[in-house]
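S.K.: Quick one, what's the 3D model for this:
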Amino acid sequence: MSTHQSDSPMNINLAEDRKKAILAKMAAFYVEDFDEDLSSFRAEKLLAFFVKVLGPPIYNQAISDARAFMMAKLDDLDVEFYAPEETS
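M.R.: Down below sits the predicted model:
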C-alpha cells in the first residue's frame, strides 16, 4: 500500500497488486473498445485521475449507503427483539 498522506480524512491508497490488476483491465478495455494500445504511463495517469475525481464521491455514497443500511438494522432491533415489560 502507498504511504502517501494527505489532509483529507478519506485517502484512497490502492495496494500494488490491486493497482496492477486495474491497470491491466484498463489496458484490455482500451484495446477492446477503442482498438488502440494504452501505454503504461497513460494508464497510470488515467487511474490517478479517476481515483482523485471519482473516488471521493463513490466513497461518500458507499458510507451513506452503509449508514442507511445500519440505521435500518438498528430500527429493526426494536421490532425484532423488543421484550414487553410487565407493568405493576
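S.K.: what's the helix or strand for the closest residue to Asp37 other than its chain neighbours?
M.R.: Across the structure, with CB to CB, 6 or more residues apart in numbering as the measure, the residue nearest Asp37 apart from its sequence neighbours is Val31 (6.3 Å). For every residue, glycine as well, the C-beta is placed using N, CA and C. Taking DSSP states H and E as the definition, one finds Val31 inside helix 16-34.
S.K.: Tell me the helices and strands packed up against that helix.
M.R.: Secondary structure elements in contact with helix 16-34, counted by 3 or more CB pairs under 8 Å, 6 or more residues apart in numbering; DSSP states H and E, are helix 40-81.
S.K.: So for the helix it packs on, mean pLDDT?
M.R.: Rounded to a whole number, the mean pLDDT of helix 40-81 is 92.
S.K.: what angle sits between it and helix 16-34?
M.R.: Inter-element angle recorded for helix 40-81 and helix 16-34: 110 degrees (by axes from the mean of the first three to the mean of the last three CA atoms, to 10 degrees).
S.K.: Can you dump the C-alpha atoms of the helix holding Val31 in CSV for me?
M.R.: Included here for helix 16-34 are C-alpha records, laid out as CSV according to Å, rounded to 0.1, in the frame of the first residue of the first chain:
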residue,chain,number,x,y,z
GLU,A,16,0.2,-2.5,-5.6
ASP,A,17,-1.3,-5.8,-6.7
ARG,A,18,-4.8,-4.3,-7.0
LYS,A,19,-3.3,-1.3,-8.9
LYS,A,20,-1.6,-3.6,-11.4
ALA,A,21,-4.8,-5.6,-11.9
ILE,A,22,-6.8,-2.4,-12.5
LEU,A,23,-4.2,-1.1,-15.0
ALA,A,24,-4.2,-4.5,-16.8
LYS,A,25,-8.0,-4.3,-17.1
MET,A,26,-7.9,-0.7,-18.3
ALA,A,27,-5.4,-1.6,-21.0
ALA,A,28,-7.5,-4.6,-22.1
PHE,A,29,-10.7,-2.4,-22.1
TYR,A,30,-8.9,0.3,-24.2
VAL,A,31,-7.8,-2.3,-26.8
GLU,A,32,-11.2,-3.9,-26.9
ASP,A,33,-13.3,-0.8,-27.0
PHE,A,34,-11.0,1.7,-28.8
